[in-house]
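K.L.:
Build the 3D model from these lines:
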Amino acid sequence: MSENSIIEIKEREILKEKIIELLKKSEDQNKPIAIAINGDWGIGKTYLWKNELAPLIKDKFRKNPIYTSVFGKKDEQAIIEDLVAQFLSAEKQKTNPIRNIINGILSFLSMHFGVKINVNIDFLFKMLKKEHMENTIVCIDEFERLSDKIPVQDILGLISELKEHKGCCVIAIYNDLKLFTDETQNEQKRKIFDAYCEKVFDRIFNFSPYAKEQIEVMGDHPIKTDFEAYPYMKDIFNIDDNTTNLRT
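P.N.:
Numbering: from 1, shown residues only. Okay, the predicted model is just below:
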């Protein structure tokens, strides 16, 4: 990843457009990509995925958007279990879900070789190939809340595996300022994260929206400026500031 692959963006619509452009290019070239959205807590990164990107992915690309947060997951296996469960749930809506294919394989093994296999999530994940998952776009959120029991390289490795071997595009969401801040070995983890980022992510967007835009997102409509008190409100809410936290 070159320096040109790290882009500063303040407008939500522009960020959305650029991500859609990258996904379209990925589809045209049949080459999965990994995108990172970095920004402060409360600026609407998850909102952007759930309410704007995911619906567009369904409608425009006819792909399955699936989402997981690393928050509260005790190990990498728990993250994989969540992703596989959501993938299988989406596949159930189709006429030939992958679960039926896997069950068919297991039945064949049992019938012809007397092999009885208990299906578990790890086995299912290994069974899933590019042809099964290439119509899936995965969002992995709250990277900065990763458990200290999970090596950072394991999750970045999972993103790489989803992209390179499962054929999925991946969008990771995190707050760079909160990464590894409470760890005693945070400097080493930070070095690992930075080194892996260069290899894993094709594009990183540093998102710092204007306060005005954030207030409009909260209110679900543009701010009206044609009233007497607007100049005072503008100063009180720092509407010209680059960022504001929607949660405070």
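K.L.:
got the residue ranges for the strands in this structure?
P.N.:
In the chain, the strands defined using DSSP state E lie at 6-9, 34-38, 64-69, 136-141, 169-174, 203-207.
K.L.:
so which of these comes closest to residue 126?
P.N.:
If you check each of those against residue 126 by Cβ to Cβ, strand 136-141 wins as the nearest, at 16.1 Å. C-beta coordinates here come from the backbone N, C-alpha and C atoms, glycine included.
K.L.:
got the contact list for the closest one?
P.N.:
23, 45-46, 49, 53-54, 57, 61, 63-71, 79, 83, 87, 90, 155, 159, 162, 166, 168-174 (Cβ atoms under 8 Å, 6 or more residues apart in numbering).
K.L.:
cutoff 7 Å now
P.N.:
46, 49, 57, 63-70, 83, 87, 159, 162, 168-173 (Cβ atoms under 7 Å, 6 or more residues apart in numbering).
K.L.:
show me the contacts for residue 45.
P.N.:
37, 39, 173, 207.
K.L.:
With residue 153 instead?
P.N.:
Residues in contact with residue 153 (Cβ under 7 Å, 6+ apart) are 192, 196.
K.L.:
Do a quick rundown of the helices in this protein.
P.N.:
Using DSSP state H, the helices of the chain run over 12-29, 45-48, 54-61, 76-91, 98-113, 121-127, 130-133, 152-164, 186-200, 211-219, 230-236.
K.L.:
Deepest-packed of these, please.
P.N.:
Ranked by mean neighbour count, the helices of the chain are led by helix 45-48 with a mean of 20 (mean count of other Cβ atoms under 10 Å).
K.L.:
Average pLDDT for that one, rounded please.
P.N.:
Averaged across helix 45-48, the pLDDT comes to 95.
K.L.:
and if you look at stretch 167-175?
P.N.:
97.
K.L.:
Restrict it to CA atoms and write it as CSV.
P.N.:
Extracted in CSV, the C-alpha atoms of stretch 167-175 (Å, rounded to 0.1, in the frame of the first residue of the first chain):
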residue,chain,number,x,y,z
GLY,A,167,-12.9,-14.0,-2.7
CYS,A,168,-14.6,-11.4,-0.3
CYS,A,169,-14.2,-7.7,-0.3
VAL,A,170,-13.6,-6.5,3.3
ILE,A,171,-14.4,-3.2,4.9
ALA,A,172,-12.7,-2.7,8.3
ILE,A,173,-13.8,0.1,10.7
TYR,A,174,-11.7,1.4,13.5
ASN,A,175,-10.5,4.4,15.5
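K.L.:
how about that stretch: buried residues?
P.N.:
Buried residues in stretch 167-175, counting neighbours by 16 or more other Cβ atoms under 10 Å, are found at 167, 168, 169, 170, 171, 172, 173, 174, 175.
K.L.:
Most neighbours among the contacts of residue 45, please name it.
P.N.:
residue 37 (25 neighbours; other Cβ atoms under 10 Å).
K.L.:
residues touching that one, list them.
P.N.:
For residue 37, the contacting residues are 45, 171, 173, 205, 207, by Cβ under 7 Å, 6+ apart.
K.L.:
how long is stretch 51-70 from one end to the other?
P.N.:
Counting by Cα to Cα, to the nearest Å, you get 20 Å between the two ends of stretch 51-70.
K.L.:
what does stretch 46-65 give?
P.N.:
End-to-end for stretch 46-65, by Cα to Cα: 13 Å.
K.L.:
Run through who's touching that stretch.
P.N.:
By Cβ under 7 Å, 6+ apart, stretch 46-65 touches 12, 16, 19-20, 23, 27, 67, 90, 135-137, 139, 141, 171, 173, 217.
K.L.:
Run a quick neighbour tally on residue 205.
P.N.:
22.
K.L.:
hang on, isn't it packed against residue 7?
P.N.:
Yes. With contact defined as Cβ atoms under 7 Å, residue 205 counts as touching residue 7 (5.4 Å).
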